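A.B. asks: Sequence and computational prediction follow.
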Amino acid sequence: MLNIGVLVSGGGTNLQALIDAQQSGIIKSGKIVTVIADRSGAYALKRAESAGIDAKEILKKEYGSGAEFDKALVSYLKEMKVDIVVLAGFLSILGKDFIAVYRDKIVNIHPSLIPSFCGDGFYGLKVHQAALDYGVKVTGATVHLVNEITDGGKIIMQKAVYINDDDTAETLQKRVMEEAEWQILPRAVEMLCEDLKKAQ
Ligand code: GAR
C-alpha cells in the first residue's frame, strides 16, 4: 500500500472524491495519510478531519520564499512517509526542488482539456470563464503529472464535458467537477499507485 499525501487550498470537493473512492474501494493500492493546506481556513482540512485523516496547515505566507515553503512541505511529507502527492485544488506553484524529490509521483487535476486554458494564471473559475469567452463547445478535466512547466506534465487521464448555451462559469465549473474531475481523479490516482507498486 502506497502512502498518499494530498495538497489543497480550498473547498476540497476533489479531496472528498478521493476519500469516498478510498472508502468504496476504487482506490485500493494507496491510502491517504495526510492532507496539507497552504492557506488558513481551507474547508478541505475539515473534510480530512471528519474522515479521520491527518490534517495539517503549512501556510505559504509564513515562509520568506517559495523555496523555503517547498522545503517545509517536503519535510512534512517525508515525516509522514508519503510516496505519492496529489494536488487537489492546490493553487501554489511548486518549485523545482520539490518536483525533483517527487519526480513522476505528483499528479494535478486541472479543470479543462489541456493544452487549452491552462498554465500560469488559469485556475478555478477563471479557467471556465476563459472557455466560455473563447466559445469552445467542449471542455472537461485533465489529470497530469507535475513537472517544472505549469500544467505541462504528461497527461494521465482526460474526460470531456459539453458546454451548454446558457452556461455561466459557475454552472460549468459544477458540471465539470461532477462529470469529469470527481470521476477521473480517483481513477488516475489508483492507476499511478498500481504502477508504482509494480515498479517497487
Ligand atoms: C477544482 O475545480 C480544480 O480542478 C481546480 O480548483 C478547483 C478546486 O476545487 N484546480 C485548478 O484550477 C488548478 N489549476 P476543490 O477544492 O473543491 O477540489
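C.D. replies: Sure thing, it's come through.

A.B. asks: Please make it C-alpha for all contacts and neighbour counts, starting now.
C.D. replies: Noted.

A.B. asks: Helices of this structure, start to end?
C.D. replies: Listed in chain order, the helices of the chain (DSSP state H) span 13-24, 43-50, 66-79, 96-101, 125-134, 169-176, 182-199.

A.B. asks: So which of those helices is nearest the ligand?
C.D. replies: helix 13-24 (3.5 Å; C-alpha to the nearest ligand atom).

A.B. asks: CA atoms only for the closest one - export them in CSV, please.
C.D. replies: This file holds the C-alpha atoms of helix 13-24, laid out as CSV (Å, rounded to 0.1, in the frame of the first residue of the first chain):
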residue,chain,number,x,y,z
THR,A,13,-14.5,18.5,-3.2
ASN,A,14,-11.8,16.6,-5.2
LEU,A,15,-10.3,15.5,-1.8
GLN,A,16,-13.8,14.3,-0.9
ALA,A,17,-13.9,12.3,-4.1
LEU,A,18,-10.6,10.7,-3.2
ILE,A,19,-11.8,9.9,0.4
ASP,A,20,-15.1,8.4,-1.0
ALA,A,21,-13.1,6.4,-3.6
GLN,A,22,-10.9,5.0,-0.8
GLN,A,23,-14.0,4.0,1.2
SER,A,24,-15.7,2.4,-1.8
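
A.B. asks: who does it touch, helix- and strand-wise?
C.D. replies: Secondary structure elements in contact with helix 13-24, counted by 3 or more C-alpha pairs under 8 Å, 6 or more residues apart in numbering; DSSP states H and E, are helix 43-50, helix 182-199.

A.B. asks: before we move on, back to that, now the helices of the chain as TSV including mean neighbour count?
C.D. replies: As requested, the helices of the chain are arranged in TSV below (neighbours: other C-alpha atoms under 10 Å):
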stretch	mean neighbour count
helix 13-24	19
helix 43-50	19
helix 66-79	17
helix 96-101	15
helix 125-134	18
helix 169-176	18
helix 182-199	19
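
A.B. asks: interface residues of the protein facing the ligand?
C.D. replies: 10-15, 88-89, 91, 109-111, 122-124 (C-alpha under 6 Å from any ligand atom).

A.B. asks: tell me the contacts of D151?
C.D. replies: Shown in contact with D151 (C-alpha atoms under 8 Å, 6 or more residues apart in numbering): N108, H110, I114, C118, G119, H144.

A.B. asks: Which entries within those residues meet the buried criterion?
C.D. replies: N108, H110, I114, C118, H144 (16 or more other C-alpha atoms under 10 Å).

A.B. asks: quick one: which of the residues you listed sit in strands?
C.D. replies: Mapping those onto strands (DSSP state E) picks out N108, H110, H144.

A.B. asks: OK, contacts around the last one?
C.D. replies: If I follow you right, that is H144. Counting by C-alpha under 8 Å, 6+ apart, H144 makes contact with V107, N108, I109, D151, G152, G153, K154, I155, I156, M157.
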